[in-house]
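Asker: Sequence first, predicted model second:
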Amino acid sequence: MTETKQPIIQIRNVSKRFGKVTAVDNISLDILAGEFFVLLGPSGCGKTTLLRMIAGFEMPTEGQIIIDGQDMSLVPPNKRPVNMVFQSYAVFPHMNVTDNVGYGLRIAGVAKGEIRDRVAEALELVKLGGFEDRMPDQMSGGQRQRVALARSLVMRPKVLLLDEPLSALDAKLRAQMQFELSDLQDKVGITFVTVTHDQDEALSMASRVAVINKGEVAQLAGPSDLYEYPANRFVADFVGSVNIFEGKLTLDEPDKAAVDCPGLGKVYLNHGVTGPHGADVWVALRPEKIYLHVPGEGKAIRAAAQDAPDGHNLARGTIKGMSYLGDITLYEIQLEGGQIIRVSRPNLSRHDQEDFTWDDKVSMHWRADSPVVLLS
Amino acid sequence: MAFFRSAPIAPLEYTRKLWMRSWVGLTMLFLYAPLLVLMVFSFNDSKRNVVWKGFTLKYYEKALNNDSLVEALVNSLTIAFLATVVSLIIGALAAVMLWRFRFPFKGLVEGTMSLPIIVPEICLGVAFLIFFAKVDWPTDLIWPLNLSAITIAHITFCFPFVAMVVRARLASFNKEEEEAAKDLGATEWQAFRDVLLPHIKPGLVAGALLAFTLSLDDFVITFFTSGPDTITFPVKVYSMVRFSVTPEVNAASTLLILLTVILTFIALKLQGVKGIAETH
């Protein structure tokens, strides 16, 4: 993977309003050449509108989109150096696979021999060799999607846009296609821009993710940064599962910080948060980063004391719900203050799920580098 | 003997139940018995055409030698053909426009467009009679221009049907297909030709069939717009029947039925029956 740092798409203060509704609100971001960029957000957040503006099917109300150094404001979709794979795949139902894939080249007036070669090459790339004469209604959803992919890739676009590419596939196929799409992107070296509402999809495929909320970019980061260092409550909550507690910042130095959360207890961090002292903040704690202990044996206290002052990073509660998922077990624990905290525990041995059950009193601890302090 | 020893009839196998079969049979009888009688009696060797007197083909010969009847048939077919072609174009364009764009008074346009379907034919007929008289529409033109008044009247009530059928077909169109074509470099026209047109084709075929048959057998409106030199088949048959119901009329009608059945069959073959079924 040679990653050049040239921006291929520059989105400059772009807004889109439909009547009174603002779908995209003053977004600016650069998409770099060769990266797998994902626009992630809940439905109705404006991510698809943004993608359609890049493709040229919607015009920005304000702002500018520059693709490969060229302002796209007045360029219609059929003249843009981008191609799109639609959510419905939009495979032409009355054409066979060869004609579907070769459509763009025919329109462009490419010589017949070259069309044949490039179509064959594109079909090979998406592993559809041997399907040349099939009609779309004789193919499965996954195969139709490959046709749509090949149809776009054969045009050798600078950027490939994918609108919810995996949403219509079943779970197993989706996981497989996630790998294949990443693999394909490596092979062809084209910039991919994908829209999705599925955080697993975003985390597994993207080199960078822009989380969109209410038409604005909530955070732009790599997948692991997004998960481990969310910038705000929306991102923390939308990407993965999380426990969020309100608290007051009581200590904030370059190498340590503490937050007093009425619902959870005293939280200690082994790094500073550079927030305003005494301010209202939120502590985010991922379920898998909390350890469960049988109470009364002092194990939790000893474990927490390894990297935090006495009485910090500890909590007690009662198990109110549990769901066994095979690889992990999820617990819903009612804290002493009444709030519910979610904890997940890997089933490292075959009998781990038997350690705790409903109405058990438990102690919890977490490490000083686990909590994330959020200012908004 | 296996036929009588077949498996017992399961609760939902309605097509094998006697009452269902009888009901279907009765429906068929109701629909087709009059036509069958008409066809059978076209071979009847009798002037009065009430009792069966024996087989003959002489009334076919007579019908085909009846110049004014043949002329009326040619007129009817010409009008039907012209009205179908023009209705197809206007109807399809109107349907695409109403589906594609939003504009002021769209609801009004949509409503008034289907008015010719709703308004009683007799009113339309009288309206056309008055209209063509008021504008002094020339009646003494050479064939086929002398059919223009009837053709225009037929287009008026045919094209809303085409528009309706095409519109229904358009509702199932995936707009992303058109966008995909444009995304791949197609212009507006190329996207229309390569993606939208193939999709609405079954609707166009169905619409054409409707328009053709509606025009071919229209009596009321034609009666008001036809002159002495522009008799159509239904009008001619009507005037013949007023004198006497001879097997000649039966023979001509049978030929017409045969013609429409053949045309429909060809159209269905061209399109594939499935495509037409999908429009409804």
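Answerer: Happy to help now that I have it. Residues are numbered from 1 along each chain as shown, chains lettered A, B, ... in the order given.
Asker: List the contacts of whatever residue of chain A ends up closest to chain B.
Answerer: Using C-beta to the nearest C-beta, the single residue of chain A nearest to chain B is A:Gly104, 3.4 Å away. To be clear about C-beta, it is placed using only N, CA and C from the backbone, and glycine gets the same treatment. The neighbours of A:Gly104, taking C-beta atoms under 8 Å, 6 or more residues apart in numbering or on different chains as the test, are A:Asn83, A:Arg151, A:Val154, A:Met155, B:Leu184, B:Gly185.
Asker: Need the per-residue pLDDT for the residue nearest the centre of chain B.
Answerer: In chain B, the C-alpha nearest the mean C-alpha coordinate belongs to B:Thr213, at 1.9 Å (C-alpha atoms, centre = their mean). On pLDDT, B:Thr213 comes in at 88.
Asker: Which residue is the nearest non-sequential neighbour of it?
Answerer: Of all residues not flanking B:Thr213 in the chain, B:Thr260 sits nearest, at 6.2 Å (C-beta to C-beta, 6 or more residues apart in numbering or on different chains).
Asker: Can you tell me the number of residues neighbouring that neighbour?
Answerer: Close neighbours of B:Thr260, defined as other C-beta atoms under 10 Å in any protein chain shown, add up to 16.
Asker: Return the residues in contact with it.
Answerer: B:Phe212, B:Thr213, B:Leu216.
Asker: so where's chain B uncertain?
Answerer: B:1-5, B:49, B:271-280 (pLDDT under 70).
Asker: what does it put close to chain A?
Answerer: Applying C-beta under 8 Å from any C-beta of the partner chain, one finds that chain B approaches chain A through B:174, B:176-177, B:179-187, B:190, B:194-195, B:198-199.
Asker: go with 6 Å
Answerer: Chain B has residues B:Asn174, B:Glu176, B:Glu177, B:Glu179, B:Ala180, B:Lys182, B:Asp183, B:Leu184, B:Gly185, B:Ala186, B:Pro198 near chain A, with proximity defined as C-beta under 6 Å from any C-beta of the partner chain.
Asker: in the helix or strand containing B:Ala267, what's buried?
Answerer: B:Ala267 belongs to helix B:247-271 when assigned by DSSP states H and E. For helix B:247-271, the neighbour count (16 or more other C-beta atoms under 10 Å in any protein chain shown) marks B:247-254, B:256, B:260, B:263, B:268, B:271 as buried.
Asker: Next, count neighbours for the closest residue in space to A:Ala236 that isn't next to it in sequence.
Answerer: In space, and not counting its chain neighbours, A:Ala236 is closest to A:Pro230: 3.8 Å by C-beta to C-beta, 6+ apart. A:Pro230 has 24 neighbours, counted by other C-beta under 10 Å.
Asker: now do the one 4 residues further on
Answerer: Around A:Phe234 sit 19 other residues, with neighbours defined as other C-beta under 10 Å.
Asker: and it, backbone torsions?
Answerer: phi -60, psi -50 (degrees, to the nearest 10).
Asker: That one touches A:Ala218, doesn't it?
Answerer: Yes: between A:Phe234 and A:Ala218 a contact is recorded at 5.1 Å, counting by C-beta atoms under 6 Å.
Asker: B:Val249: what's it in contact with?
Answerer: B:Val237, B:Met240 (C-beta atoms under 6 Å, 6 or more residues apart in numbering or on different chains).
Asker: which residues does the residue of chain B found nearest chain A contact?
Answerer: Scanning chain B for the residue nearest chain A gives B:Leu184, at 3.4 Å (criterion: C-beta to the nearest C-beta). For B:Leu184, the contact set (C-beta under 6 Å, 6+ apart) comprises A:Tyr103, A:Gly104.
Asker: Which residues of chain A lie near chain B?
Answerer: Near chain B, when you scan chain A using C-beta under 6 Å from any C-beta, you find A:57, A:77-78, A:83-84, A:86, A:88, A:90, A:94, A:103-104, A:107-108.
Asker: Let's see the pLDDT reported for the closest residue to A:Val372 other than its chain neighbours.
Answerer: Distances taken as C-beta to C-beta, 6+ apart put A:Ala284 closest to A:Val372, at 4.4 Å, once the chain neighbours are dropped. Looking at A:Ala284, its pLDDT is 94.
Asker: Also A:Asn26?
Answerer: 93.
Asker: the helices in the stretch 151-280 of chain B, which residues?
Answerer: B:175-183, B:188-191, B:197-216, B:220-225, B:233-243, B:247-271, B:273-277 (DSSP state H, counting those that start in this stretch).
Asker: Next, format those as a markdown table and append distance to A:His293.
Answerer: As requested, those are exported to a markdown table (distance: least, C-beta to C-beta, whole Å):
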| stretch | distance to A:His293 |
| --- | --- |
| helix B:175-183 | 54 |
| helix B:188-191 | 65 |
| helix B:197-216 | 64 |
| helix B:220-225 | 91 |
| helix B:233-243 | 95 |
| helix B:247-271 | 73 |
| helix B:273-277 | 67 |
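Asker: who wins for proximity to A:Ala368 among the ones you listed?
Answerer: Smallest distance to A:Ala368 across those (C-beta to C-beta): 50.6 Å, for helix B:175-183.
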